[in-house]
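K.L.:
Sequence plus predicted model, see below.
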Amino acid sequence: MTQLVKDVMTAGVLTLPPEASLVEAARLMRDRDVGDVLVAADDRLLGVLTDRDIAVRSVAMGHDPHFMPVRSVCTPDVLTVRPDADSAEAVSIMREYGVRRLAVVDDGHPMGVVTLGDLARARDPGSALAGISAAPPNTGA
């Protein structure tokens, strides 16, 4: 049976405006237990920001994350997939470009994110990746 991206994606997309600070982004990621947020303005996708972007493109460079806007370190050329695409298309794009997540976009509007973990849980629920992706977050200090 064909699985569509909209059936396996993480819906309820998290977005921030391009002028939001990296601290705001990091707190949102922490509070929602995610590793990325989409950067959008007027419901249009402008980029994707990952926790790694914050660490490598800002903090490691000595920038102050309180004053650094997300637009300055996000990836502007976001790989996307439509919600009505077959999940196999998402897998193919991830393989071709070596990425772990795709923004799900419908007519330029962000709808969600589909991750490698989402696809593993849907396509191979017994796999190690699916198990890791489904595990609750480690909240210990």
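P.N.:
Arrived safely. Residues are numbered from 1 along each chain as shown.

K.L.:
Could you measure from Leu28 over to Ala122?
P.N.:
From Leu28 across to Ala122, the span is 25 Å (CB to CB, to the nearest Å). Backbone N, C-alpha and C define where each C-beta goes, glycine included.

K.L.:
what do you get for Tyr97?
P.N.:
Plainly put, Tyr97 is 20 Å away from Ala122 if you go by CB to CB.

K.L.:
same thing with Asp107?
P.N.:
With the distance defined as CB to CB, Asp107 ends up 24 Å from Ala122.

K.L.:
which one of these two has more residues nearby?
P.N.:
A count of neighbours by other CB atoms under 10 Å puts Ala122 above the other of Asp107 and Ala122, at 16 against 7.

K.L.:
so what's the backbone phi/psi at the more buried one?
P.N.:
Main-chain torsions, Ala122, degrees, to the nearest 10: phi -80, psi -40.

K.L.:
wait, it sits on Ser87?
P.N.:
Yes - counting by CB atoms under 8 Å, Ala122 touches Ser87, with 6.5 Å between them.

K.L.:
Now do the shared contacts for the two.
P.N.:
Residues touching both Ala122 and Ser87 (CB atoms under 8 Å, 6 or more residues apart in numbering) are Gln3, Asp7, Val8.

K.L.:
Drop the exposed ones from the residues you listed and show what's left.
P.N.:
Neighbour-count burial (16 or more other CB atoms under 10 Å) is assigned, among those, to Val8.
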